[in-house]
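Enquirer: Predicted model, plus sequence, below.
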Amino acid sequence: MANVAAIQWYFPSELDEVPEILTQEGVIPHSGGTGILWGGLTRVRGLMDVSRLDLRFVRKRDGALTLGAALSYRQTVEALAVKGQILAQSLHCAATEPLRNRITLGGSISMFPYWSDLMGPLLALEAELSLVGATSGIRPLSEYVTNRKLRQNTLITSIRLSDASWQGTYYRHTRTPTDRPAFSITVLMRRNSKRIEAIRIVVIGCRGRFRRLTEIENALNGAPIPGDPAELIATASGKLNFDFPARMGFSAEYLKACALIELERTLGSALGSTQRDPS
């Protein structure tokens, strides 16, 4: 059995207290607690409980939607479901109900597991994070997940999204409905009756953890809507250029083949008049 050192607890009530606490060696934020079970306690020397901080809120202002980082998946779904938000679709089918009651937005972003049902929609929505600690201020989510320094000794306090309307389609590749996905695909689109006005496509679970498919986006942006979108989709999918690691009993080649098929289906659903069933 691994030796677990005595753990010091911290209970800040103001954000001003957070930076100093996070300078202590081995101190990590604690809210839902699911990440601690996943990562283990052998390197943890302290836990900073964030329950006394104002981190559970949903605010709409100046065309933006801001979500407190301590919101659970369930609370986020309840807050956004009435708007038909793509984030509500993806989180509704994440994990199991007991875990959705515990997993928080901030903790899930900071860990970013390959099976995340959160990160695809957030990256496609070009979310921004509010940070406190060694790094403070507003940073793009895409920068946070690719720059390790931004994640060290830092607490996510909120997530900011544009409240602009998108047609959203989300796919998760699983063996069973409650299984973690081997990969997921998020497609956001704005269109009129004749053309695709804007499109964003994000794949989670590939090598490098995620890819924004800008090559396909560039091929589709401004493209006319055909009567039969199959040819347009096939042309766009031919620009697919990423790989997967083998995982969950699936080979890398199998996952890439599945991703190509499901990307075509997800794009087809987005181009159609109905959204794909998120279940």
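Expert: Structure's in. What do you need?

Enquirer: which stretches of this structure have low pLDDT?
Expert: Counting by pLDDT under 70, the ranges of the chain that qualify are 1-5, 37-40, 82-84, 236-237, 239, 273-279.

Enquirer: Which stretches in it count as helices?
Expert: Secondary structure of the chain (DSSP state H): helices at 18-22, 34-39, 73-80, 86-92, 97-100, 105-111, 119-124, 141-146, 148-151, 214-220, 230-237, 252-271.

Enquirer: Any chance of those helices in a markdown table with distance to Phe11 and mean neighbour count as columns?
Expert: C-beta: built from backbone N, CA, C; applies to glycine. Compiled in a markdown table, those are given as follows (distance: least, C-beta to C-beta, whole Å; neighbours: other C-beta atoms under 10 Å):
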| stretch | distance to Phe11 | mean neighbour count |
| --- | --- | --- |
| helix 18-22 | 10 | 18 |
| helix 34-39 | 16 | 14 |
| helix 73-80 | 22 | 20 |
| helix 86-92 | 28 | 25 |
| helix 97-100 | 25 | 14 |
| helix 105-111 | 17 | 22 |
| helix 119-124 | 29 | 25 |
| helix 141-146 | 26 | 17 |
| helix 148-151 | 23 | 14 |
| helix 214-220 | 44 | 18 |
| helix 230-237 | 51 | 16 |
| helix 252-271 | 43 | 18 |
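
Enquirer: Using JSON lines, lay out the ones you listed together with distance to Arg190.
Expert: Formatted as JSON lines, these follow (distance: least, C-beta to C-beta, whole Å):
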{"stretch": "helix 18-22", "distance to Arg190": "38"}
{"stretch": "helix 34-39", "distance to Arg190": "35"}
{"stretch": "helix 73-80", "distance to Arg190": "19"}
{"stretch": "helix 86-92", "distance to Arg190": "13"}
{"stretch": "helix 97-100", "distance to Arg190": "29"}
{"stretch": "helix 105-111", "distance to Arg190": "25"}
{"stretch": "helix 119-124", "distance to Arg190": "12"}
{"stretch": "helix 141-146", "distance to Arg190": "20"}
{"stretch": "helix 148-151", "distance to Arg190": "30"}
{"stretch": "helix 214-220", "distance to Arg190": "11"}
{"stretch": "helix 230-237", "distance to Arg190": "16"}
{"stretch": "helix 252-271", "distance to Arg190": "10"}
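
Enquirer: Determine which of those approaches Gly168 most closely.
Expert: Ranking these by proximity to Gly168 (C-beta to C-beta) places helix 86-92 first, at 3.1 Å.
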